[in-house]
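> Sequence first, then the predicted structure:
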Amino acid sequence: MTLQQSVLEIADLYKEYENSNTVLSNVSLTVNKGEVLVILGPSGCGKSTLLRCINGLEDIKSGIIKLNGKVINEDKTKWHLIRQKIGMVFQSYDLFPHMTIIDNILLGPIKVQKRDKNEVLEQAEKLLERVGLIDRKNAYPRQLSGGQKQRVAIVRALCMNPEIMLFDEVTAALDPEMVREVLDVMLELARQGMTMVIVTHEMEFAKAVADRIVFIDEGTITESSIPKEFFNNPKTERAKSFLKTFNFDNERGNEE
């Protein structure tokens, strides 16, 4: 039996705001190489905050975060180096409006990682080809749709050669007809073995892409299981009521 290699480990993570409002409590989880972990839960439960803690964008009160077995949330952590290994795509695309698409993508690898421009350009063009945007490489962000800009944001993160990708509600700001094109890119990444942690409210997508579902409620992990078990037979009443909001009931699940 082949032992699974963990990429990300979180142990007993606590996060509070200044008013002593606890956002995350006793959060522990492991993400293995090539695994797609989808985090579900009601709005305000701490899902996005957890991703931001993993990437060093939020301070934590206590707990351990490890990347490939090494603790990364210490006082001496150089987050600018860690973030090269943990790619993150947000709801907003944050593309520089005065730069072309290709220049937006090349900026990080060349300026931060000091890589050869020709090597990065070749990689960027291959990635743009994969997401169907090679013909837009010399366009400016204002000339792209929301879905196209989000695909560019994914390519930009991938061009840094991360070991794990975090996706925070990347379709939340998109018109419904643009959602599919972004989700298709993420499904393709999953098929190719990219290690990913995804926060989403797209339930059908979660069912299709996840190896494991983690359900968070009020800052605590209350369920963790494979998609079939979670969607067909959730263990807690809170998860059951959450899924009913999306018309996922046991009767529907049993039909599949």
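Now that the structure is in, tell me what you want to look at. Numbering: from 1, shown residues only.
> The host helix or strand of Ile39 packs against which elements?
Under the criterion of DSSP states H and E, Ile39 resides in strand 36-40. Applying 3 or more Cβ pairs under 8 Å, 6 or more residues apart in numbering; DSSP states H and E, one finds that strand 36-40 contacts helix 47-54, strand 196-199, helix 203-209, strand 212-217. (Each C-beta comes from the backbone N, C-alpha and C, glycine too.)
> tell me the most buried of these?
Neighbour counts (mean count of other Cβ atoms under 10 Å) averaged over each of these peak at strand 196-199, with a mean of 24.
> can you list contacts of that one?
8, 31, 35-39, 47-48, 50-51, 54, 164-169, 186, 189-190, 206, 209-210 (Cβ atoms under 8 Å, 6 or more residues apart in numbering).
> Next: stretch 102-109.
Here stretch 102-109 has contacts from 95-96, 99, 115, 117, 120-121, 123-125, 127-128, 137-138, 141, 152, 155-156, 159-160, using Cβ under 8 Å, 6+ apart.
> Filter these down to just the ones in strands.
Assigned to strands by DSSP state E, none of these qualify.
> where in the chain is pLDDT low?
Where the chain drops to pLDDT under 70, the residues are 1-3, 20, 248-256.
> go with 90
1-4, 17-22, 74-78, 80, 91-94, 172-178, 245-256 (pLDDT under 90).
> Quick one: the helices in it, in order.
47-54, 79-82, 101-107, 117-130, 146-158, 176-191, 203-209, 227-232, 237-245, 250-255 (DSSP state H).
> export these to CSV and tack on distance to Val23?
What follows is the helices of the chain, written out as CSV (distance: least, Cβ to Cβ, whole Å):
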stretch, distance to Val23
helix 47-54, 5
helix 79-82, 20
helix 101-107, 32
helix 117-130, 34
helix 146-158, 25
helix 176-191, 26
helix 203-209, 22
helix 227-232, 23
helix 237-245, 17
helix 250-255, 31
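> May I see the buried residues of the strand holding Ile39?
36-40 (16 or more other Cβ atoms under 10 Å).
> Stretch 135-143 too?
136-137, 140-141.
> Can you check which of the helices and strands packed on strand 36-40 gets nearest to Lys85?
Among the helices and strands packed on strand 36-40, helix 47-54 comes nearest to Lys85, with 11.2 Å by Cβ to Cβ.
> Burial check on the nearest residue to Met194 once chain neighbours are set aside, number of neighbours?
Counting by Cβ to Cβ, 6 or more residues apart in numbering, Met194 lies nearest to Met165, which is 5.9 Å off, once chain neighbours are set aside. The tally of other residues near Met165 (other Cβ atoms under 10 Å) stands at 20.
> quick one: Met165 from Cys45, how far?
21 Å (Cβ to Cβ, to the nearest Å).
> now swap in Ser145 and tell me
From Ser145 over to Cys45 (counting by Cβ to Cβ), the distance is 30 Å.
> The two - which one has more neighbours?
For Ser145 and Cys45, the more surrounded residue by other Cβ under 10 Å is Cys45, and the numbers stand at 22 against 13.
> what sits against the more buried one?
Going by Cβ under 8 Å, 6+ apart, the list of residues near Cys45 reads 216-219.
> do you know how far Thr195 is from Gly87?
To Gly87, Thr195 is 10 Å away according to Cβ to Cβ.
> what about these two, which has more around it?
Using other Cβ under 10 Å as the criterion, Thr195 and Gly87 rank with Gly87 on top: 24 against 21.
> Help me confirm that that one comes into contact with Pro162.
Yes: counting by Cβ atoms under 8 Å, Gly87 does reach Pro162; the two are 3.4 Å apart.
> Between the two, which contacts overlap?
Common neighbours of Gly87 and Pro162, counting by Cβ under 8 Å, 6+ apart, are absent.
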